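# take a look and give me a structure for this.
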Amino acid sequence: MPDGTQAKTTPISTTLAGFVHGLRHEAIPAATRMRAKHLMLDAIGLGLAATRHDFAGPLLRGVQALGEGGTSPVLGSAVTLTPRNAVLVNAGLMHGLDYDDTHMKAIVHATTYCLPTALAAALEAGAGGADLVTAYVAGMEASLRVGMAVKGGFHHGGFHATAICAHFGAALVAGRLYGLTAEQLAAAQGIAASTASGIQVFLEEGAWTKRMHPGWGGVGGITAARLAQAGFVAPARPYEGRYGLFHSHLQDHKDDVDYAAMTAGLGTVWETEAMAVKPYPVCHFLHGCAEAAALIWREERPEPGDIAALRAFVAEPTMSIISEPLAKKRRPTTDYEAKFSAQFVTATSLLRGRFGLAELEPDSLADERLLSLSERVEVVVDPDTHFPTAYSGGVEVTLRDGRVIRRHIPVNRGAGERAISNAEIVEKYMDTSTTAIDRARAESLRDAVLAMEEVPLRELRRLLTTG
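This is a model prediction of the structure:
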């Protein structure tokens with residue numbers, strides 16, 4: 001791809017726009033459509049569960065303070081907002097527990113911006129369930145390829161990849177449902193490039209800002225779609241242009257972009273099916289360690305006094321995210337610090353044999369038995385990693401009797417050949433959703449989501465809210 005010159009080839013935004021505009025519901029394989037609805041179900045369960053957590057109230061109150069009324073629903077609430085503000089809240093809830101799906105190669109939590117945007121835009125446009133599913137899949141396929149093309153480059157530059165990709169995905173999802181032409185969908189991406197941002201400084205102290213990233217992408221995407229629909233002039237090459245997304249956000253890594261990945265397999269290779277559903281509510285980079293440590297617990301049940309040394313093996317590109325700054329990672333004081341701590345996740349999984357939402361509650365974060373062992377975890381580079389194809393990880397325990405126990409997870413559970421089945425997603429949904437709503441309502445909502453093409457969206461809306 002030419003650097004700093006006008007390319008003679010078709011702009012990437014034009015190709016993606018043509019795909020999104022031309023995609024038909026019946027052209028999406030039945031298995032992909034069914035998987036898509038299960039991914040939506042997973043996110044909805046997480047969003048409902050998040051309404052019980054401390055960040056949910058300030059998120060909703062802060063958005064309400066903007067003083068903008070509307071008719072778009074908020075998960076688990078009787079409150080209604082404008083479409084943009086509803087997406088900001090709903091995406092924040094779905095992403096807030098860090099238990100949401102991830103594309104391994106793109107390193108993007110795509111459902112958390114595609115689904116809230118599709119729901120708000122579909123209801124506003126009076127669209128049906130089939131339209132919602134089609135727009136969701138179209139946005140997933142296009143925006144995941146942005147993440148795939150940079151091969152982790154956004155993270156290297158301090159950006160949160162989900163935050164960046166969300167603006168483009170939401171623009172295409174909303175644009176599809178608002179009936180934009182292919183030319184307008186291309187323009188929407190050009191506009192979205194000027195709002196695409198989201199920095200990872202939250203990692204320093206476990207701040208809440210990551211939770212707003214996919215929703216802010218939804219705000220930017222819907223805005224871009226409406227501006228493009230109104231004729232607002234946009235750059236044609238938002239990705240590959242001289243000062244486009246890749247040059248501005250990747251800096252020293254700009255030459256590493258795989259431009260072919262941006263459009264490869266559109267309409268034939270369905271990346272939506274490659275989304276990995278999380279079995280643990282922590283950063284995906286830590287899932288290999290969590291599983292390896294839990295495996296050792298099942299086999300040995302070590303006590304802290306039995307352990308002479310403890311090492312966690314992680315992929316080198318992820319170390320700065322999940323093991324630094326050292327003091328914060330060794331003794332996390334908030335759930336968000338804990339979610340991104342290789343030390344705490346490894347120690348807790350080794351001593352409890354699990355890592356679920358309960359392990360992020362205040363009593364766990366204050367458990368000196370866990371914290372003392374967390375302080376002793378040495379995080380080292382995994383020589384056998386499969387990253388970024390899979391989020392491998394391992395744990396090595398040296399016992400005081402001289403034995404060394406090492407377990408390594410090449411492919412994390414939930415990804416690739418170890419993908420979580422649709423039936424297992426339903427089980428996870430029932431576990432998460434019933435922390436906030438009763439079982440009968442959860443079952444009705446489950447059935448409505450999985451039969452979305454046949455169920456009026458007003459019924460789905462009713463089940464999602466308390467209004």
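
# ok, the nearest residue to Ala193 once chain neighbours are set aside - contacts?
What sits nearest to Ala193 in space, not counting adjacent residues and going by C-beta to C-beta, 6 or more residues apart in numbering, is Pro238, at 3.5 Å. Any C-beta I mention is one placed from the backbone N, CA and C, and that applies to glycine too. Pro238 makes contacts with 13, 189-190, 192-193, 244-245, as judged by C-beta atoms under 8 Å, 6 or more residues apart in numbering.

# I'd like those residues laid out as TSV, including neighbour count and pLDDT.
Listed next are those as TSV, based on neighbours: other C-beta atoms under 10 Å; pLDDT from 0 to 100:
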residue	neighbour count	pLDDT
Ser13	30	98
Gln189	36	98
Gly190	25	98
Ala192	33	98
Ala193	26	98
Gly244	19	95
Leu245	28	96
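
# hmm, which two among those residues are most spread apart?
Ala192 and Gly244 (11.8 Å; C-beta to C-beta).

# need phi/psi at the residue nearest the centre of the chain.
What sits nearest the mean C-alpha location of the chain, by C-alpha atoms, centre = their mean, is His109, with 1.8 Å. Phi and psi for His109, reported as degrees, to the nearest 10, are phi -90, psi 80.

# I figured it hits His95, correct?
Yes - using C-beta atoms under 8 Å, His109 makes contact with His95 at a distance of 6.0 Å.

# shared neighbours, those two?
With C-beta under 8 Å, 6+ apart as the test, His109 and His95 both reach 162, 214.

# where does the closest residue to Ala390 other than its chain neighbours land in three-state SS?
Closest residue in space to Ala390, ignoring its immediate chain neighbours: Val411 at 4.2 Å, by C-beta to C-beta, 6+ apart. Secondary structure for Val411, judged by DSSP: H, G, I helix; E, B strand; the rest coil, is coil.

# how about the contacts made by Val411?
386, 390, 392, 417-418.

# tell me how far it lies from Thr465.
38 Å (C-beta to C-beta, to the nearest Å).

# that older thread, could the contacts of Pro238 go into CSV alongside distance to Gly220 and secondary structure?
Output for those, formatted as CSV (distance: C-beta to C-beta, whole Å; DSSP: H, G, I helix; E, B strand; the rest coil):
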residue, distance to Gly220, secondary structure
Ser13, 15, helix
Gln189, 11, helix
Gly190, 12, helix
Ala192, 6, helix
Ala193, 10, coil
Gly244, 16, coil
Leu245, 13, helix
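
# closest to Glu443 out of those?
Among the contacts of Pro238, and counting by C-beta to C-beta, the member closest to Glu443 is Ala192, at 37.6 Å.

# pretty sure that closest one sits against Ala174.
No - the pair Ala192 and Ala174 fails to qualify as a contact (C-beta under 8 Å) at a distance of 10.1 Å.

# joint contacts of the two?
Gly221.

# give me the residues contacting stretch 68-87.
Contacts of stretch 68-87 (C-beta under 8 Å, 6+ apart): 44, 47-48, 51, 60, 63-64, 66, 89-90, 93-94, 113, 116-117, 119-121, 123-124, 170, 215, 218-219, 222-223, 436-437, 461, 464-467.

# switch to 7 Å and redo it
If you take C-beta atoms under 7 Å, 6 or more residues apart in numbering as the criterion, stretch 68-87 is touched by 47-48, 51, 60, 63-64, 66, 89-90, 93, 116-117, 120-121, 123-124, 215, 218-219, 222-223, 436, 461, 464-467.

# in helices only, show me these.
47-48, 60, 63-64, 89-90, 93, 116-117, 120-121, 123-124, 215, 218-219, 222-223, 461, 464 (DSSP state H).

# filter the residues you listed to the buried ones?
47-48, 60, 63, 89-90, 93, 116-117, 120-121, 123-124, 215, 218-219, 222-223, 461, 464 (16 or more other C-beta atoms under 10 Å).

# I figured Gly221 was touching His167, is that so?
Yes - with contacts counted by C-beta atoms under 7 Å, Gly221 reaches His167, the gap being 5.3 Å.

# and after the helix-or-strand element of the chain with minimal mean pLDDT, which helix or strand comes next?
The weakest-scoring helix or strand in the chain, judged by mean pLDDT, DSSP states H and E, is helix 153-156 (a mean of 88). Downstream of helix 153-156, the first helix or strand assigned by DSSP states H and E is helix 161-177.

# show me the chain divided up by domain.
The record's domain parsing of the chain by automatic domain parsing lists 12-276, 284-416.

# quick revisit: so the residue nearest to Ala193 sits in a strand?
No - counting by three-state DSSP, Pro238 is located in no strand; its state is coil.

# now the helices for the stretch 251-400 of the chain?
287-300, 319-322, 326-330, 335-339, 342-352, 362-365, 368-374 (DSSP state H, counting those that start in this stretch).

# winner for burial among the ones you listed?
helix 342-352 (a mean of 27; mean count of other C-beta atoms under 10 Å).

# just checking, what packs against it?
helix 287-300, strand 307-314, helix 326-330, helix 368-374, strand 377-381 (3 or more C-beta pairs under 7 Å, 6 or more residues apart in numbering; DSSP states H and E).

# what's in contact with the first one?
Under the contact criterion C-beta under 7 Å, 6+ apart, helix 287-300 has outside partners 280, 282, 312, 314, 342, 345-346, 349-350, 353-355, 391-395, 397, 405, 407-409, 412-413.

# go again using 6 Å as the cut-off
Contacts of helix 287-300 from elsewhere in the structure, counted by C-beta atoms under 6 Å, 6 or more residues apart in numbering, are 280, 312, 342, 345-346, 349-350, 353, 355, 391-395, 397, 405, 407, 409, 412-413.

# over to the third one?
Where contact means C-beta under 6 Å, 6+ apart, the residues beyond helix 326-330 that reach it are 323, 337, 341, 343, 374-375.

# go again using 8 Å as the cut-off
Outside helix 326-330, the residues that reach it (C-beta under 8 Å, 6+ apart) are 204-206, 322-323, 337, 340-344, 371, 374-375, 377, 379.

# repeat that for the second one.
Outside strand 307-314, the residues within contact range by C-beta under 8 Å, 6+ apart are 285-286, 288-289, 293, 322-323, 342-343, 346-347, 350, 373, 376-385, 393-400, 408.

# equivalent analysis for the fourth one, please.
Applying C-beta under 8 Å, 6+ apart, the contact partners of helix 368-374 are 304, 307, 310, 330-332, 341, 343-344, 346-348, 350-352, 364.

# closest to Pro456 out of the residues you listed?
Ser364 (42.4 Å).

# for the closest one, what are its contacts?
By C-beta under 8 Å, 6+ apart, Ser364 lies in contact with 338, 348, 358, 370.

# can you give me the distance of it to Gly356?
For Ser364, the distance to Gly356 - C-beta to C-beta - is 10 Å.

# what of Ser444?
For Ser444 relative to Gly356 (C-beta to C-beta), the value is 25 Å.

# and for Glu424?
Glu424 is 15 Å from Gly356, by C-beta to C-beta.

# now do Glu396
Taken as C-beta to C-beta, the span from Glu396 to Gly356 is 24 Å.

# about what we covered before: give me the common contacts of Gly221 and His167.
The contact lists of Gly221 and His167 share Ala192, where a contact means C-beta under 8 Å, 6+ apart.
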